[in-house]
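Visitor: Pasting the sequence and the predicted coordinates here, then a few questions.
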Amino acid sequence: MRYSGWQVFKQGLTGNKGWSKAWRSPEPKPEYDIIIIGGGGHGLATAYYLAAKHGLTNVAVVEKGYLGGGNIGRNTTIVRANYFLPGNSEFYSHSLKLWEGLEAELNYNVMHSQRGIINLFHSDGQRDAAARRGNAMINQGDDAILLGRDEVRKMLPYLDHDNGRFPIFGGLYHPRGGTARHDAVAWGYARGADSRGVDLIQQCEVTGIDSENGKVTGVQTTRGPIRAKKVAMVAAGRSSQVAAMAGMRLPIESHVLQAFVTEGLKPVIDNVVTFGMGHFYISQSDKGGLVFGGDLDMYASYAARGNLPTAEHVMEAGMTLMPMLGKAKLLRSWGGIMDMSADGSPIIDKTHIDGLFVNCGWNYGGFKAVPASGYALAHLMANDVPHETAEAFRLDRFNTGHGIMDEEGRGAQHNLH
Amino acid sequence: MRIPCPLCGDRDHREFTYKGAAVALDRPGNSDWSDDWDSYIHLRDNPAGDTDEMWWHGAGCGGWLVVTRNTVTHEVKAARMAADVKGAGA
């Protein structure tokens, strides 16, 4: 069924009885050309682009829970292309371009809202760094505007501009950045993949990865073995467990990143505002909730919830930046499980097993990367060569030392990003 | 989370700094780059369950601990002095 305003009107008048299911629930076939392990944003996007761009439709996505039940539903929905390093820069730039055409491509309302992102700075040195990053973004073909003190004051009058410790000197404004409806992205890709013949198999946990003579032959699942010529592990949040089935250890440590939302309020925050010095960023959802978060809890975790000291730190930072926040009531908090790679950048690559691919290590950047990640992995699986925007995301860069992408300049070691 | 420091007793985890998996105790002997070094610096078991990891008690005794902790429940099961663990040949 093609979604349109006319359909909404027609179904509204006929009791909404004519809507069909957005995707099938097929039984797994004994064999596919390609199996994607993981029915989250990246896995579904990969399946979609395999079908839509490469005509490969004998594909199954196997998901141990339900579609979009992992980090795609646990993030703070920010979409941006303000990366600095070559390798990351062109990839996220490509992703933002895909975002801009996504609703038309998928015939699905992902509520992509380019409301603009402002990264605040609080010193001359930080202004220099922001100007440099902005120039890198412009060189990449994206947009960046360096805002002065008065411009930020005009745009964001509700901030504590004259804070004693962190007075606001200005901000780096990225107008094409913004937010999107996170679940809808997974659902839109799922519907698009399913309608092209991809089997989306939920409640089907992969328990083993089979290979013979160094070549992948299929997977073992809780619903029986499925043979496949190619298999992709797209299970960020559980990457290490899936890779262990293939005898691999990944350069990843899983950490919990907390997020918070207040009760619904009238429109008050028009953009996405980040306060890097305080480890705090905030936006307002279309439903009215103030959605905000901070930094990692800074210890390995699969709990999908954090501890109170980090929650306290995020609240303090929020109050420092915008004292009015104290009047809002916090509705709930949650945690996502981050694949933290050793250099803070992702991996999309082949593995030591022929036909087995890995997509992991998204750190904090997984949501905005969904379109380009699926696009690049589909390209790699279909053509056997990396897509030009994702050539740098190599698995062996840590061992060889070539092409380390340490965006934050902290060193390519765990627990620094 | 509270961590039972062998020297200081049960303390809030805010007193500690997390370093990562306790592979730090297994530094490769050979100084030339090899897969062992890649494994030591970058590759991790990263288990969902019990794991041994290094924590530094910076706001306490200043000692390095090997803490056994569950990454799914956050339950802290044991803490030993890293020097003792290293001495025992771990």
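Guide: Done, it's in. Residues are numbered from 1 along each chain as shown, chains lettered A, B, ... in the order given.

Visitor: Phi first, then psi, for A:Val185.
Guide: Dihedral angles phi and psi of A:Val185 (degrees, to the nearest 10) take the values phi -60, psi -50.

Visitor: per-residue confidence at it?
Guide: Looking at A:Val185, its pLDDT stands at 98.

Visitor: ok, now which ones touch it?
Guide: For A:Val185, the contact set (CB atoms under 8 Å, 6 or more residues apart in numbering or on different chains) comprises A:Gly41, A:Ile72, A:Leu102, A:Val110, A:Phe367, A:Val370. Heads up, the C-betas are built off the backbone N, CA and C, glycines and all.

Visitor: Now do the same contact list for the nearest residue to it once chain neighbours are set aside.
Guide: Ranked by CB to CB, 6 or more residues apart in numbering or on different chains and with sequence neighbours excluded, the top spatial neighbour of A:Val185 is A:Val110, at 5.0 Å. Contact analysis of A:Val110 by CB under 8 Å, 6+ apart lists A:Leu102, A:Glu103, A:Ala180, A:Arg181, A:Ala184, A:Val185, A:Gly188.

Visitor: Out of these, which end up buried?
Guide: Buried members of these, scored by 16 or more other CB atoms under 10 Å in any protein chain shown, are A:Leu102, A:Glu103, A:Ala180, A:Arg181, A:Ala184, A:Val185, A:Gly188.

Visitor: Return the member of these nearest to A:Glu391.
Guide: Within the buried ones among the contacts of A:Val110, the smallest distance to A:Glu391 is 23.2 Å, found for A:Leu102 (CB to CB).

Visitor: Would you check that that closest one makes contact with A:Val370?
Guide: No. A:Leu102 is beyond contact range of A:Val370, at 9.3 Å (criterion: CB atoms under 8 Å).

Visitor: in its sheet, what does the strand or helix carrying B:Leu65 sit against?
Guide: Per DSSP states H and E: B:Leu65 is located in strand B:64-70. Here strand B:64-70 is paired, per DSSP bridges, with strand B:50-56 (antiparallel), strand B:76-81 (antiparallel).

Visitor: Can you give me the buried ones in it?
Guide: B:Trp64, B:Leu65, B:Val66, B:Val67, B:Arg69, B:Asn70.

Visitor: Count the residues that sit near residue 17.
Guide: I'll assume chain A. Per other CB atoms under 10 Å in any protein chain shown, the neighbour tally for A:Lys17 reads 6.

Visitor: My question was about chain B, not that one.
Guide: 16.

Visitor: Return the distance of it relative to chain A.
Guide: 8 Å (CB to the nearest CB, to the nearest Å).

Visitor: how far away is that residue from A:Gly335?
Guide: Plainly put, B:Thr17 is 20 Å away from A:Gly335 if you go by CB to CB, to the nearest Å.

Visitor: And for A:Phe166?
Guide: 26 Å.

Visitor: next one: A:Asn271
Guide: Where A:Gly335 is concerned, A:Asn271 sits at a distance of 25 Å (CB to CB).

Visitor: what does A:Gly125 give?
Guide: 32 Å.

Visitor: more crowded one of those two?
Guide: Taking neighbours as other CB under 10 Å, A:Gly125 and A:Gly335 compare with A:Gly335 leading, 22 against 10.

Visitor: What's the mean pLDDT across the strand or helix carrying that one?
Guide: Here A:Gly335 sits within strand A:330-341, counting by DSSP H and E. Strand A:330-341 carries an average pLDDT of 96.

Visitor: residues in contact with the strand or helix carrying A:Asp150?
Guide: Assessed by DSSP H and E, A:Asp150 sits inside helix A:149-155. With contact meaning CB under 8 Å, 6+ apart, helix A:149-155 is reached by A:Ile118, A:Leu120, A:Leu147, A:Leu159, A:His161, A:Ile168, A:Phe169, A:Gly170, A:Gly171, A:Tyr173, A:Asn271.

Visitor: and the last one, what is it in contact with?
Guide: Contacts were defined as CB under 8 Å, 6+ apart; by that measure A:Asn271 touches A:Arg115, A:Gly116, A:Ile117, A:Ile118, A:Met155, A:Leu156, A:Ser283.

Visitor: Go through the residues you listed and name the one nearest A:Leu330.
Guide: Distance ranking of those against A:Leu330, using CB to CB, places A:Ser283 first at 15.6 Å.

Visitor: Nearest the geometric middle of chain A, what residue?
Guide: In chain A, the residue lying closest to the centroid (CA atoms, centre = their mean) is A:Phe367, at 1.5 Å.

Visitor: Only the buried residues of the helix or strand where it lies, if you could.
Guide: Using DSSP H and E, A:Phe367 sits in helix A:366-383. Residues of helix A:366-383 classed as buried: A:366-382 (neighbour count, 16+ other CB under 10 Å).

Visitor: what does stretch A:285-295 give?
Guide: In stretch A:285-295, the ones that count as buried by 16+ other CB under 10 Å are A:Ser285, A:Gly289, A:Leu290, A:Val291, A:Phe292, A:Gly293, A:Gly294, A:Asp295.
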